[in-house]
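Novice: Give me the fold of what follows.
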Amino acid sequence: MPTVKTGVSYYGCRIPWRAKADLEAIKRNHCTFVVHTFSEEDKEFYARAMGEIVRDSRELGFEAWLDPWAVGQAFGGETYSALVMKRRELCQVSAAGETLPIACPNHPEFVAYLKEWVKTAVDLGAQVLFWDEPHFHIYPEDGSVPNPSWACRCAVCQEQFRARYRQPMPTTLTPEVRQFKEASLVQFLTILCDEGKRLGVRNAMCYLPFENSSTYSDWAQVAAIPTVDIIGTDPYWRPHQADVAAHVGRAAQRIQALATEYQKEGQIWILNFNIKAGEEGKITEAIDVAVAAGIRNLAAWSYYGASYISLASDDPTRVWETLGAAYARLHAQP
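Specialist: Residues are numbered from 1 along each chain as shown. Predicted coordinates for the structure are as follows:
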């Protein structure tokens, strides 16, 4: 079997000497890389500590990734954004005119903030930047009913839409609006990934796992970005979902097909939070089906079954041991 990369996300302690004990446990669990969350709060208040934690990660032999965790709420993450409270002019606007608590990827000042985030992350020692689920505001029934609520229709988006289509931006979710939103995210990621590459690091992208969405559906556009190195998604299953293999397998096959076509590295994220007691075996099942699809880069969200947040698994120790055993088996295969 080709070399397998195995990782886990870590958003625990920000005290370096205590975090190092967790990193050593991650090493014992057969991980080869660690994805550190690096939020707005971390950037503002914990940058020095994060630098030490990244240094310790690399000294232990890990590849160190940094994730703009919930920055502007435009990326995945269970933390709040001060940016959208302090800089409301950066916020997305719904089709109905409501200001939303999420920054717009088309706003040049939000892009400038993220380019500064990239520089800080690289200065701290990041080797890979993990662009985690970049998105426009997500509505519960996004794309499933006629003319659903959608975003963004801020002044910047309206201006860019008019320049592209030579017409005012409609208030309904037309095919042109969908196309514009996807193109906006591709442009956003291209700018950020180009900046990371310019500073000497690699870029990994995690798509939201929705197959149909007004956020983006044509995954090939992102896979085609030259400065994207790794493409992945996180097909987390719901509690008691009957067919985990089918759910994860579809996502893994889609990612692997794109990775092959665009000569990228394919990645699948494995659920390690909110696991119900007795369902830990689904972790192994998900890993096996991803590997069978050709995936050789696997990551789990998050460390120790997410025992330290409200999304904790029922039995975090068993979740962590199950993940470690599956990773060990992969590394042992010739």
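Novice: so where's this protein uncertain?
Specialist: 1, 140-148, 211-216, 240 (pLDDT under 70).
Novice: Spell out the residue ranges of the strands in the stretch 151-300 of the chain.
Specialist: 202-207, 230-233, 265-271, 297-301 (DSSP state E, counting those that start in this stretch).
Novice: Could you dump those into CSV and include mean neighbour count?
Specialist: All C-beta atoms are positioned from the backbone trio N, CA, C, and that covers glycine. Shown next, in CSV, are the strands of the stretch 151-300 of the chain (neighbours: other C-beta atoms under 10 Å):
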stretch, mean neighbour count
strand 202-207, 23
strand 230-233, 24
strand 265-271, 25
strand 297-301, 25
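Novice: Out of those, which gets nearest to residue 181?
Specialist: Nearest to residue 181 among the strands of the stretch 151-300 of the chain is strand 202-207; the distance by C-beta to C-beta comes to 14.1 Å.
Novice: outside of the closest one, which residues touch it?
Specialist: Applying C-beta atoms under 8 Å, 6 or more residues apart in numbering, the contact partners of strand 202-207 are 65, 76, 127-134, 189, 192-193, 196-197, 216, 219, 222, 227-234, 267, 269.
Novice: and residue 12, what does it touch?
Specialist: Here residue 12 is in contact with 19, 22, 303, 308 (criterion: C-beta under 8 Å, 6+ apart).
Novice: Return the members of those classed as buried.
Specialist: 19, 22, 303 (16 or more other C-beta atoms under 10 Å).
Novice: Specify which member of the contacts of residue 12 is nearest to residue 11.
Specialist: Checking the contacts of residue 12 against residue 11 by C-beta to C-beta gives residue 303 as the nearest, at 7.8 Å.
Novice: Quick check: closest non-adjacent residue to that closest one.
Specialist: Spatial nearest neighbour of residue 303, excluding adjacent residues (C-beta to C-beta, 6 or more residues apart in numbering): residue 10 at 4.8 Å.
Novice: Can you tell me which residue sits nearest the middle of the chain?
Specialist: Nearest to the mean C-alpha position of the chain, by C-alpha atoms, centre = their mean, lies residue 132 at 1.9 Å.
Novice: where's it relative to residue 225, distance?
Specialist: For residue 132, the distance to residue 225 equals 16 Å [C-beta to C-beta, to the nearest Å].
Novice: all helices of the chain, in order?
Specialist: 16-28, 40-45, 47-59, 83-86, 108-123, 155-165, 175-198, 220-223, 244-262, 281-292, 316-332 (DSSP state H).
Novice: CA atoms of the longest one as PDB?
Specialist: What it means is helix 175-198. Presented in PDB, the C-alpha positions along helix 175-198 are these (Å, rounded to 0.1, in the frame of the first residue of the first chain):
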ATOM      1  CA  PRO A 175     -28.800  30.100 -12.000                       C
ATOM      2  CA  GLU A 176     -26.600  33.200 -12.500                       C
ATOM      3  CA  VAL A 177     -26.600  33.900  -8.800                       C
ATOM      4  CA  ARG A 178     -25.500  30.300  -8.100                       C
ATOM      5  CA  GLN A 179     -22.800  30.500 -10.700                       C
ATOM      6  CA  PHE A 180     -21.600  33.800  -9.200                       C
ATOM      7  CA  LYS A 181     -21.500  32.400  -5.700                       C
ATOM      8  CA  GLU A 182     -19.400  29.400  -6.800                       C
ATOM      9  CA  ALA A 183     -17.100  31.700  -8.800                       C
ATOM     10  CA  SER A 184     -16.700  34.000  -5.800                       C
ATOM     11  CA  LEU A 185     -15.500  31.100  -3.600                       C
ATOM     12  CA  VAL A 186     -13.100  29.900  -6.300                       C
ATOM     13  CA  GLN A 187     -11.700  33.400  -6.500                       C
ATOM     14  CA  PHE A 188     -11.500  33.700  -2.700                       C
ATOM     15  CA  LEU A 189      -9.600  30.400  -2.400                       C
ATOM     16  CA  THR A 190      -7.300  31.100  -5.300                       C
ATOM     17  CA  ILE A 191      -6.200  34.400  -3.700                       C
ATOM     18  CA  LEU A 192      -5.600  32.700  -0.300                       C
ATOM     19  CA  CYS A 193      -3.900  29.600  -1.700                       C
ATOM     20  CA  ASP A 194      -1.700  31.700  -4.000                       C
ATOM     21  CA  GLU A 195      -0.600  33.700  -0.900                       C
ATOM     22  CA  GLY A 196       0.200  30.500   1.000                       C
ATOM     23  CA  LYS A 197       2.100  29.100  -1.800                       C
ATOM     24  CA  ARG A 198       4.100  32.300  -2.300                       C
END
